[in-house]
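In: This is a predicted model, with the sequence first.
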Number of protein chains: 6
Amino acid sequence: MSDWLKSLKTPTPQKGFELAITLAREGVVYTQPSAEIRTKLRKKYAKDADSLIMVSEVIAIHFQTVAAANNYWK
Amino acid sequence: MSDWLKSLKTPTPQKGFELAITLAREGVVYTQPSAEIRTKLRKKYAKDADSLIMVSEVIAIHFQTVAAANNYWK
Amino acid sequence: MSDWLKSLKTPTPQKGFELAITLAREGVVYTQPSAEIRTKLRKKYAKDADSLIMVSEVIAIHFQTVAAANNYWK
Amino acid sequence: MSDWLKSLKTPTPQKGFELAITLAREGVVYTQPSAEIRTKLRKKYAKDADSLIMVSEVIAIHFQTVAAANNYWK
Amino acid sequence: MSDWLKSLKTPTPQKGFELAITLAREGVVYTQPSAEIRTKLRKKYAKDADSLIMVSEVIAIHFQTVAAANNYWK
Amino acid sequence: MSDWLKSLKTPTPQKGFELAITLAREGVVYTQPSAEIRTKLRKKYAKDADSLIMVSEVIAIHFQTVAAANNYWK
(Lines give C-alpha, C1' and ligand atoms only; values in the text may rest on other atoms or scores of the structure.)
Protein backbone atom coordinates (compact mmCIF):
# COMPACT_ATOMS: atom_id res chain seq x y z
CA MET A 1 0.00 0.00 0.00
CA SER A 2 1.30 3.52 -0.84
CA ASP A 3 1.63 6.20 1.86
CA TRP A 4 -1.89 7.55 1.55
CA LEU A 5 -2.52 8.61 5.18
CA LYS A 6 0.23 10.72 6.76
CA SER A 7 -1.86 12.97 8.99
CA LEU A 8 -5.43 13.61 10.19
CA LYS A 9 -4.77 17.37 10.20
CA THR A 10 -6.77 19.35 7.64
CA PRO A 11 -6.96 23.12 7.07
CA THR A 12 -10.78 23.26 7.05
CA PRO A 13 -13.82 21.21 8.17
CA GLN A 14 -14.63 20.58 4.50
CA LYS A 15 -11.18 19.09 3.89
CA GLY A 16 -11.79 17.05 7.04
CA PHE A 17 -15.09 15.81 5.63
CA GLU A 18 -13.34 14.86 2.38
CA LEU A 19 -10.65 13.00 4.37
CA ALA A 20 -13.46 11.12 6.15
CA ILE A 21 -14.78 10.09 2.72
CA THR A 22 -11.30 8.84 1.77
CA LEU A 23 -11.08 6.84 5.01
CA ALA A 24 -14.51 5.30 4.36
CA ARG A 25 -13.45 4.32 0.83
CA GLU A 26 -10.08 2.93 1.96
CA GLY A 27 -11.95 0.63 4.35
CA VAL A 28 -13.55 -0.94 1.27
CA VAL A 29 -10.35 -0.85 -0.83
CA TYR A 30 -8.32 -2.73 1.80
CA THR A 31 -11.13 -5.30 2.09
CA GLN A 32 -11.75 -5.66 -1.67
CA PRO A 33 -8.53 -4.67 -3.50
CA SER A 34 -9.98 -5.42 -6.97
CA ALA A 35 -10.91 -2.10 -8.64
CA GLU A 36 -12.82 -4.07 -11.25
CA ILE A 37 -15.10 -5.66 -8.65
CA ARG A 38 -15.54 -2.35 -6.81
CA THR A 39 -16.55 -0.61 -10.06
CA LYS A 40 -19.15 -3.31 -10.74
CA LEU A 41 -20.48 -2.98 -7.19
CA ARG A 42 -20.71 0.80 -7.48
CA LYS A 43 -23.37 0.43 -10.18
CA LYS A 44 -25.54 -1.28 -7.57
CA TYR A 45 -24.92 0.65 -4.33
CA ALA A 46 -24.81 4.10 -5.99
CA LYS A 47 -28.48 3.60 -6.96
CA ASP A 48 -29.61 2.03 -3.69
CA ALA A 49 -30.97 4.40 -1.04
CA ASP A 50 -30.10 2.23 1.96
CA SER A 51 -26.57 1.57 0.69
CA LEU A 52 -25.98 5.32 0.22
CA ILE A 53 -27.28 5.99 3.75
CA MET A 54 -24.92 3.32 5.13
CA VAL A 55 -21.99 4.96 3.28
CA SER A 56 -22.99 8.29 4.81
CA GLU A 57 -22.94 6.63 8.24
CA VAL A 58 -19.35 5.38 7.77
CA ILE A 59 -18.35 8.89 6.66
CA ALA A 60 -20.05 10.30 9.79
CA ILE A 61 -18.02 8.03 12.11
CA HIS A 62 -14.75 8.92 10.37
CA PHE A 63 -15.68 12.62 10.36
CA GLN A 64 -16.20 12.42 14.13
CA THR A 65 -12.63 11.10 14.44
CA VAL A 66 -11.13 13.68 12.07
CA ALA A 67 -13.03 16.53 13.74
CA ALA A 68 -11.70 15.52 17.16
CA ALA A 69 -8.20 15.19 15.67
CA ASN A 70 -8.45 18.82 14.49
CA ASN A 71 -9.99 20.07 17.76
CA TYR A 72 -13.08 20.90 15.67
CA TRP A 73 -11.12 23.53 13.74
CA LYS A 74 -11.65 26.03 16.58
CA MET B 1 -17.15 21.15 -4.78
CA SER B 2 -18.16 24.64 -3.52
CA ASP B 3 -17.10 25.85 -0.04
CA TRP B 4 -20.10 24.47 1.83
CA LEU B 5 -18.46 23.64 5.19
CA LYS B 6 -16.38 26.45 6.71
CA SER B 7 -17.06 25.87 10.40
CA LEU B 8 -18.81 23.52 12.83
CA LYS B 9 -19.72 26.48 15.06
CA THR B 10 -23.47 27.21 15.28
CA PRO B 11 -25.32 29.77 17.41
CA THR B 12 -27.88 27.28 18.79
CA PRO B 13 -28.36 23.51 19.23
CA GLN B 14 -31.12 23.65 16.61
CA LYS B 15 -28.76 25.17 14.06
CA GLY B 16 -26.29 22.46 15.08
CA PHE B 17 -28.95 19.79 14.44
CA GLU B 18 -29.63 21.33 11.02
CA LEU B 19 -25.87 21.31 10.25
CA ALA B 20 -25.84 17.61 11.18
CA ILE B 21 -28.61 17.04 8.64
CA THR B 22 -26.54 18.88 6.00
CA LEU B 23 -23.52 16.70 6.82
CA ALA B 24 -25.62 13.53 6.54
CA ARG B 25 -26.93 14.67 3.15
CA GLU B 26 -23.49 15.68 1.87
CA GLY B 27 -22.28 12.16 2.63
CA VAL B 28 -24.80 10.94 0.06
CA VAL B 29 -24.17 13.81 -2.39
CA TYR B 30 -20.41 13.15 -2.51
CA THR B 31 -21.12 9.42 -3.03
CA GLN B 32 -23.89 9.90 -5.62
CA PRO B 33 -23.37 13.29 -7.30
CA SER B 34 -26.37 12.86 -9.66
CA ALA B 35 -29.30 14.95 -8.33
CA GLU B 36 -31.56 13.10 -10.75
CA ILE B 37 -30.75 9.70 -9.22
CA ARG B 38 -30.99 11.07 -5.68
CA THR B 39 -34.45 12.53 -6.42
CA LYS B 40 -35.62 9.14 -7.77
CA LEU B 41 -34.23 7.40 -4.67
CA ARG B 42 -35.93 9.88 -2.35
CA LYS B 43 -39.34 8.61 -3.52
CA LYS B 44 -38.38 5.23 -2.11
CA TYR B 45 -36.52 5.96 1.13
CA ALA B 46 -38.80 8.85 2.20
CA LYS B 47 -41.66 6.32 2.47
CA ASP B 48 -39.65 3.52 4.05
CA ALA B 49 -39.61 3.36 7.85
CA ASP B 50 -36.25 1.60 8.20
CA SER B 51 -34.56 3.94 5.71
CA LEU B 52 -35.85 6.99 7.63
CA ILE B 53 -34.58 5.51 10.91
CA MET B 54 -31.16 4.91 9.30
CA VAL B 55 -31.07 8.55 8.12
CA SER B 56 -31.92 9.64 11.66
CA GLU B 57 -28.99 7.53 12.91
CA VAL B 58 -26.53 9.27 10.56
CA ILE B 59 -27.88 12.64 11.74
CA ALA B 60 -27.40 11.48 15.36
CA ILE B 61 -23.72 10.65 14.78
CA HIS B 62 -23.07 14.00 13.07
CA PHE B 63 -25.02 15.84 15.79
CA GLN B 64 -22.77 14.21 18.40
CA THR B 65 -19.76 15.66 16.54
CA VAL B 66 -21.29 19.13 16.08
CA ALA B 67 -22.44 19.24 19.73
CA ALA B 68 -18.91 18.43 20.95
CA ALA B 69 -17.53 21.05 18.53
CA ASN B 70 -19.79 23.65 20.17
CA ASN B 71 -19.06 22.46 23.73
CA TYR B 72 -22.75 21.53 23.90
CA TRP B 73 -23.72 25.21 23.65
CA LYS B 74 -23.07 25.67 27.36
CA MET C 1 -39.17 25.10 11.52
CA SER C 2 -40.26 26.36 15.01
CA ASP C 3 -37.67 26.84 17.78
CA TRP C 4 -37.86 23.31 19.17
CA LEU C 5 -34.25 22.88 20.36
CA LYS C 6 -32.90 25.71 22.52
CA SER C 7 -30.67 23.75 24.89
CA LEU C 8 -29.32 20.25 25.61
CA LYS C 9 -29.49 20.94 29.36
CA THR C 10 -32.05 18.82 31.25
CA PRO C 11 -32.76 18.63 34.99
CA THR C 12 -32.60 14.81 35.16
CA PRO C 13 -31.26 11.83 33.20
CA GLN C 14 -34.85 10.83 32.42
CA LYS C 15 -35.58 14.23 30.89
CA GLY C 16 -32.31 13.78 28.98
CA PHE C 17 -33.50 10.39 27.71
CA GLU C 18 -36.79 11.97 26.62
CA LEU C 19 -34.85 14.75 24.80
CA ALA C 20 -32.87 12.02 23.02
CA ILE C 21 -36.18 10.52 21.86
CA THR C 22 -37.25 13.94 20.55
CA LEU C 23 -33.95 14.31 18.68
CA ALA C 24 -34.36 10.83 17.14
CA ARG C 25 -37.89 11.72 16.02
CA GLU C 26 -36.86 15.12 14.64
CA GLY C 27 -34.29 13.37 12.45
CA VAL C 28 -37.23 11.61 10.77
CA VAL C 29 -39.49 14.69 10.75
CA TYR C 30 -36.88 16.84 8.95
CA THR C 31 -36.34 14.03 6.42
CA GLN C 32 -40.04 13.24 5.92
CA PRO C 33 -42.07 16.37 6.81
CA SER C 34 -45.44 14.76 5.92
CA ALA C 35 -47.19 13.75 9.17
CA GLU C 36 -49.61 11.71 7.11
CA ILE C 37 -46.85 9.53 5.66
CA ARG C 38 -45.13 9.21 9.04
CA THR C 39 -48.40 8.07 10.65
CA LYS C 40 -48.83 5.42 7.94
CA LEU C 41 -45.24 4.25 8.44
CA ARG C 42 -45.69 4.04 12.20
CA LYS C 43 -48.23 1.24 11.75
CA LYS C 44 -45.45 -0.81 10.17
CA TYR C 45 -42.32 -0.01 12.23
CA ALA C 46 -44.13 0.04 15.60
CA LYS C 47 -44.91 -3.68 15.10
CA ASP C 48 -41.53 -4.66 13.68
CA ALA C 49 -38.91 -5.87 16.15
CA ASP C 50 -35.86 -4.87 14.11
CA SER C 51 -37.27 -1.41 13.37
CA LEU C 52 -37.93 -0.82 17.08
CA ILE C 53 -34.37 -1.95 17.92
CA MET C 54 -33.01 0.47 15.29
CA VAL C 55 -35.06 3.32 16.82
CA SER C 56 -33.63 2.41 20.23
CA GLU C 57 -30.14 2.62 18.72
CA VAL C 58 -30.72 6.16 17.41
CA ILE C 59 -32.03 7.14 20.86
CA ALA C 60 -28.89 5.60 22.41
CA ILE C 61 -26.58 7.72 20.22
CA HIS C 62 -28.50 10.92 21.03
CA PHE C 63 -28.62 10.00 24.73
CA GLN C 64 -24.83 9.66 24.68
CA THR C 65 -24.64 13.24 23.34
CA VAL C 66 -27.18 14.64 25.81
CA ALA C 67 -25.53 12.85 28.75
CA ALA C 68 -22.15 14.34 27.87
CA ALA C 69 -23.79 17.76 27.44
CA ASN C 70 -25.12 17.47 31.02
CA ASN C 71 -21.84 16.10 32.42
CA TYR C 72 -23.77 12.92 33.19
CA TRP C 73 -25.90 14.78 35.73
CA LYS C 74 -23.17 14.43 38.34
CA MET D 1 -43.99 7.84 32.62
CA SER D 2 -42.84 6.93 36.16
CA ASP D 3 -39.48 8.15 37.50
CA TRP D 4 -37.40 5.27 36.24
CA LEU D 5 -34.11 7.05 35.55
CA LYS D 6 -32.80 9.22 38.40
CA SER D 7 -29.06 8.71 37.97
CA LEU D 8 -26.44 7.07 35.74
CA LYS D 9 -24.30 6.29 38.80
CA THR D 10 -23.93 2.56 39.56
CA PRO D 11 -21.82 0.82 42.22
CA THR D 12 -20.22 -1.67 39.81
CA PRO D 13 -19.60 -2.15 36.07
CA GLN D 14 -22.08 -5.04 36.11
CA LYS D 15 -24.81 -2.79 37.52
CA GLY D 16 -23.80 -0.30 34.82
CA PHE D 17 -24.21 -3.00 32.17
CA GLU D 18 -27.64 -3.84 33.56
CA LEU D 19 -28.60 -0.13 33.50
CA ALA D 20 -27.52 -0.07 29.83
CA ILE D 21 -29.90 -2.97 29.18
CA THR D 22 -32.71 -1.01 30.87
CA LEU D 23 -31.94 2.04 28.72
CA ALA D 24 -31.99 -0.10 25.55
CA ARG D 25 -35.36 -1.57 26.55
CA GLU D 26 -36.83 1.82 27.49
CA GLY D 27 -35.99 3.06 23.99
CA VAL D 28 -38.39 0.39 22.69
CA VAL D 29 -40.99 0.91 25.45
CA TYR D 30 -41.26 4.66 24.74
CA THR D 31 -41.60 3.91 21.02
CA GLN D 32 -44.06 1.01 21.40
CA PRO D 33 -45.91 1.46 24.73
CA SER D 34 -48.10 -1.64 24.22
CA ALA D 35 -46.70 -4.48 26.38
CA GLU D 36 -48.93 -6.88 24.47
CA ILE D 37 -47.31 -6.01 21.12
CA ARG D 38 -43.82 -6.07 22.63
CA THR D 39 -44.45 -9.54 24.08
CA LYS D 40 -45.61 -10.81 20.68
CA LEU D 41 -42.50 -9.30 19.03
CA ARG D 42 -40.20 -10.87 21.61
CA LYS D 43 -41.15 -14.34 20.34
CA LYS D 44 -39.64 -13.34 17.00
CA TYR D 45 -36.53 -11.31 17.85
CA ALA D 46 -35.48 -13.51 20.80
CA LYS D 47 -34.98 -16.37 18.31
CA ASP D 48 -33.37 -14.30 15.55
CA ALA D 49 -29.58 -14.09 15.57
CA ASP D 50 -29.33 -10.72 13.79
CA SER D 51 -31.98 -9.14 16.01
CA LEU D 52 -30.14 -10.32 19.15
CA ILE D 53 -26.87 -8.90 17.79
CA MET D 54 -28.61 -5.57 17.09
CA VAL D 55 -29.94 -5.52 20.68
CA SER D 56 -26.40 -6.17 21.92
CA GLU D 57 -25.23 -3.20 19.84
CA VAL D 58 -27.75 -0.84 21.46
CA ILE D 59 -26.65 -2.11 24.89
CA ALA D 60 -23.02 -1.47 23.88
CA ILE D 61 -23.74 2.18 23.00
CA HIS D 62 -25.61 2.77 26.27
CA PHE D 63 -22.88 0.96 28.23
CA GLN D 64 -20.33 3.33 26.69
CA THR D 65 -22.38 6.24 28.04
CA VAL D 66 -22.89 4.72 31.50
CA ALA D 67 -19.22 3.75 31.78
CA ALA D 68 -18.13 7.32 30.98
CA ALA D 69 -20.71 8.62 33.49
CA ASN D 70 -19.09 6.45 36.18
CA ASN D 71 -15.54 7.34 35.12
CA TYR D 72 -15.13 3.66 34.25
CA TRP D 73 -15.49 2.69 37.91
CA LYS D 74 -11.83 3.54 38.53
CA MET E 1 -26.84 -13.34 37.44
CA SER E 2 -23.36 -14.23 38.84
CA ASP E 3 -20.73 -11.51 39.40
CA TRP E 4 -19.20 -11.66 35.97
CA LEU E 5 -18.15 -8.00 35.54
CA LYS E 6 -16.19 -6.51 38.44
CA SER E 7 -13.85 -4.19 36.56
CA LEU E 8 -13.05 -2.83 33.09
CA LYS E 9 -9.33 -2.82 33.92
CA THR E 10 -7.24 -5.29 31.92
CA PRO E 11 -3.47 -5.82 31.88
CA THR E 12 -3.14 -5.67 28.07
CA PRO E 13 -5.04 -4.45 25.00
CA GLN E 14 -5.60 -8.09 24.00
CA LYS E 15 -7.24 -8.85 27.33
CA GLY E 16 -9.29 -5.70 26.78
CA PHE E 17 -10.36 -6.98 23.36
CA GLU E 18 -11.35 -10.29 24.92
CA LEU E 19 -13.36 -8.44 27.60
CA ALA E 20 -15.13 -6.56 24.79
CA ILE E 21 -16.06 -9.93 23.27
CA THR E 22 -17.46 -11.04 26.64
CA LEU E 23 -19.50 -7.83 26.89
CA ALA E 24 -20.88 -8.34 23.37
CA ARG E 25 -21.88 -11.92 24.22
CA GLU E 26 -23.43 -10.92 27.57
CA GLY E 27 -25.66 -8.48 25.70
CA VAL E 28 -27.12 -11.51 23.90
CA VAL E 29 -27.17 -13.74 27.01
CA TYR E 30 -29.17 -11.21 29.06
CA THR E 31 -31.61 -10.82 26.15
CA GLN E 32 -31.91 -14.56 25.35
CA PRO E 33 -31.05 -16.50 28.54
CA SER E 34 -31.70 -19.93 26.91
CA ALA E 35 -28.33 -21.52 26.07
CA GLU E 36 -30.20 -24.05 23.96
CA ILE E 37 -31.67 -21.38 21.70
CA ARG E 38 -28.37 -19.50 21.50
CA THR E 39 -26.55 -22.70 20.44
CA LYS E 40 -29.13 -23.29 17.70
CA LEU E 41 -28.76 -19.68 16.52
CA ARG E 42 -24.97 -19.95 16.47
CA LYS E 43 -25.19 -22.52 13.68
CA LYS E 44 -26.81 -19.83 11.56
CA TYR E 45 -24.95 -16.61 12.38
CA ALA E 46 -21.49 -18.26 12.59
CA LYS E 47 -21.80 -19.08 8.88
CA ASP E 48 -23.34 -15.77 7.81
CA ALA E 49 -20.94 -13.06 6.68
CA ASP E 50 -23.17 -10.10 7.56
CA SER E 51 -23.99 -11.53 11.00
CA LEU E 52 -20.27 -11.99 11.75
CA ILE E 53 -19.57 -8.41 10.63
CA MET E 54 -22.37 -7.16 12.92
CA VAL E 55 -20.85 -9.10 15.85
CA SER E 56 -17.48 -7.52 15.06
CA GLU E 57 -19.17 -4.10 15.18
CA VAL E 58 -20.59 -4.73 18.67
CA ILE E 59 -17.13 -5.85 19.81
CA ALA E 60 -15.67 -2.65 18.31
CA ILE E 61 -18.05 -0.43 20.32
CA HIS E 62 -17.29 -2.30 23.56
CA PHE E 63 -13.55 -2.24 22.81
CA GLN E 64 -13.77 1.54 22.43
CA THR E 65 -15.26 1.70 25.94
CA VAL E 66 -12.74 -0.72 27.47
CA ALA E 67 -9.81 1.06 25.79
CA ALA E 68 -10.92 4.41 27.21
CA ALA E 69 -11.39 2.77 30.63
CA ASN E 70 -7.75 1.62 30.50
CA ASN E 71 -6.46 4.96 29.16
CA TYR E 72 -5.46 3.03 26.04
CA TRP E 73 -2.90 1.02 28.02
CA LYS E 74 -0.42 3.90 27.74
CA MET F 1 -4.83 -17.23 21.08
CA SER F 2 -1.30 -15.91 20.32
CA ASP F 3 -0.19 -12.48 21.58
CA TRP F 4 -1.43 -10.50 18.61
CA LEU F 5 -2.36 -7.22 20.35
CA LYS F 6 0.33 -5.77 22.63
CA SER F 7 -0.25 -2.05 22.06
CA LEU F 8 -2.54 0.44 20.31
CA LYS F 9 0.44 2.73 19.63
CA THR F 10 1.34 3.11 15.94
CA PRO F 11 3.97 5.32 14.30
CA THR F 12 1.59 6.79 11.69
CA PRO F 13 -2.15 7.24 11.04
CA GLN F 14 -1.87 4.73 8.19
CA LYS F 15 -0.43 2.08 10.51
CA GLY F 16 -3.28 2.99 12.88
CA PHE F 17 -5.79 2.42 10.09
CA GLU F 18 -4.20 -0.94 9.33
CA LEU F 19 -4.38 -1.87 13.04
CA ALA F 20 -8.09 -0.96 12.94
CA ILE F 21 -8.51 -3.40 10.04
CA THR F 22 -6.76 -6.11 12.08
CA LEU F 23 -9.08 -5.42 15.03
CA ALA F 24 -12.15 -5.64 12.78
CA ARG F 25 -10.93 -8.97 11.36
CA GLU F 26 -10.06 -10.36 14.81
CA GLY F 27 -13.64 -9.69 15.89
CA VAL F 28 -14.71 -12.17 13.19
CA VAL F 29 -11.85 -14.62 13.86
CA TYR F 30 -12.69 -14.91 17.58
CA THR F 31 -16.37 -15.43 16.68
CA GLN F 32 -15.74 -17.90 13.80
CA PRO F 33 -12.35 -19.57 14.42
CA SER F 34 -12.63 -21.81 11.32
CA ALA F 35 -10.42 -20.33 8.55
CA GLU F 36 -12.13 -22.67 6.10
CA ILE F 37 -15.57 -21.20 6.81
CA ARG F 38 -14.23 -17.64 6.78
CA THR F 39 -12.60 -18.22 3.37
CA LYS F 40 -15.91 -19.55 1.99
CA LEU F 41 -17.75 -16.51 3.40
CA ARG F 42 -15.22 -14.10 1.91
CA LYS F 43 -16.29 -15.13 -1.58
CA LYS F 44 -19.75 -13.81 -0.72
CA TYR F 45 -19.14 -10.63 1.30
CA ALA F 46 -16.15 -9.45 -0.80
CA LYS F 47 -18.54 -9.09 -3.75
CA ASP F 48 -21.45 -7.61 -1.81
CA ALA F 49 -21.63 -3.81 -1.63
CA ASP F 50 -23.56 -3.62 1.65
CA SER F 51 -21.29 -6.16 3.34
CA LEU F 52 -18.20 -4.17 2.28
CA ILE F 53 -19.77 -0.95 3.61
CA MET F 54 -20.52 -2.71 6.93
CA VAL F 55 -16.87 -3.87 7.14
CA SER F 56 -15.77 -0.28 6.51
CA GLU F 57 -18.03 0.82 9.39
CA VAL F 58 -16.39 -1.61 11.83
CA ILE F 59 -12.97 -0.36 10.69
CA ALA F 60 -14.18 3.23 11.27
CA ILE F 61 -15.19 2.48 14.88
CA HIS F 62 -11.86 0.78 15.61
CA PHE F 63 -9.95 3.60 13.86
CA GLN F 64 -11.71 6.09 16.15
CA THR F 65 -10.38 4.12 19.14
CA VAL F 66 -6.85 3.76 17.75
CA ALA F 67 -6.71 7.44 16.76
CA ALA F 68 -7.69 8.51 20.29
CA ALA F 69 -5.14 6.06 21.71
CA ASN F 70 -2.44 7.80 19.64
CA ASN F 71 -3.69 11.32 20.46
CA TYR F 72 -4.43 11.64 16.74
CA TRP F 73 -0.72 11.45 15.93
CA LYS F 74 -0.32 15.14 16.76
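Out: Everything's here; your move.

In: Please name every helix or strand in contact with the least confident helix or strand in chain A by mean pLDDT.
Out: Lowest on mean pLDDT, DSSP states H and E among the helices and strands of chain A sits helix A:35-45, with a mean of 96. Under the contact criterion of 3 or more C-beta pairs under 8 Å, 6 or more residues apart in numbering or on different chains; DSSP states H and E, the helices and strands touching helix A:35-45 comprise helix A:49-69, helix F:49-69. In short, each C-beta sits where N, CA and C put it, glycine included.

In: Repeat the analysis, applying 7 Å as the threshold.
Out: helix F:49-69 (3 or more C-beta pairs under 7 Å, 6 or more residues apart in numbering or on different chains; DSSP states H and E).

In: how much space between the closest residue to chain B within chain A and C:Tyr72?
Out: Residue nearest to chain B within chain A: A:Ser56 (3.1 Å; C-beta to the nearest C-beta). Distance of A:Ser56 to C:Tyr72, given as C-beta to C-beta, to the nearest Å: 29 Å.

In: Show me which of these two is the more surrounded one.
Out: When neighbours are counted by other C-beta atoms under 10 Å in any protein chain shown, A:Ser56 and C:Tyr72 differ, and A:Ser56 comes out ahead with 29 against 18.

In: Contact partners for the more buried one?
Out: B:24, B:27-28, B:58 (C-beta atoms under 7 Å, 6 or more residues apart in numbering or on different chains).

In: among these, who's most crowded?
Out: B:Val58 (29 neighbours).

In: A:Ile59 is in contact with that one, correct?
Out: No: judged on C-beta atoms under 7 Å, B:Val58 makes no contact with A:Ile59 at a distance of 8.4 Å.

In: Look up the closest residue to A:Asp3, ignoring the ones flanking it.
Out: F:Gln14 (6.5 Å; C-beta to C-beta, 6 or more residues apart in numbering or on different chains).

In: Mind giving me the packing neighbours of whichever strand or helix holds the one you found?
Out: Applying DSSP states H and E as the criterion places F:Gln14 in helix F:13-31. Applying 3+ C-beta pairs under 7 Å, 6+ apart, one finds that helix F:13-31 contacts helix E:49-69, helix F:49-69.

In: Swap in 8 Å and give it another go.
Out: helix A:13-31, helix E:13-31, helix E:49-69, helix F:49-69.

In: Spit out the contact partners of the closest residue to chain F within chain A.
Out: Shortest chain A-to-chain F distance, computed as C-beta to the nearest C-beta: residue-wise this is A:Gly27, at 3.1 Å. Shown in contact with A:Gly27 (C-beta atoms under 8 Å, 6 or more residues apart in numbering or on different chains): A:58, F:21, F:55-57, F:59-60.

In: Same check on A:Leu8?
Out: A:Leu8 makes contact with A:19, A:65-66, A:69-70, F:13, F:67, F:72-73, according to C-beta under 8 Å, 6+ apart.

In: Which pLDDT value does the model give whichever residue of chain A sits closest to chain D?
Out: Going by C-beta to the nearest C-beta, chain D is nearest to A:Ile61 of chain A, at 12.4 Å. In the predicted model, A:Ile61 carries a pLDDT score of 99.

In: cool, and A:Ser2?
Out: pLDDT, A:Ser2: 82.

In: tally of neighbours for A:Ala20?
Out: 26.

In: ugh, wrong one, I meant A:Arg38
Out: Quick note: A:Arg38 (other C-beta under 10 Å) scores 18 neighbours.

In: same question, A:Ser7
Out: 13.

In: now do A:Pro11
Out: Neighbour tally, A:Pro11, other C-beta under 10 Å: 9.

In: Report the secondary structure state of it.
Out: coil (DSSP: H, G, I helix; E, B strand; the rest coil).

In: List the backbone torsions phi and psi for it.
Out: Backbone torsions of A:Pro11, given as degrees, to the nearest 10, read phi -70, psi -30.

In: and the gap between it and A:Trp73?
Out: Relative to A:Trp73, and taking C-beta to C-beta, A:Pro11 is found at 8 Å.

In: What ranges in chain A fall below the confidence cut-off?
Out: Along chain A, the parts satisfying pLDDT under 70 run over A:1.

In: what sits against A:Ala20?
Out: A:59-60, A:62-63, A:65-66.

In: F:Glu36: which of those residues is nearest?
Out: Set against F:Glu36, the nearest of the contacts of A:Ala20 by C-beta to C-beta is A:His62 (32.9 Å).

In: That'll do, ta.
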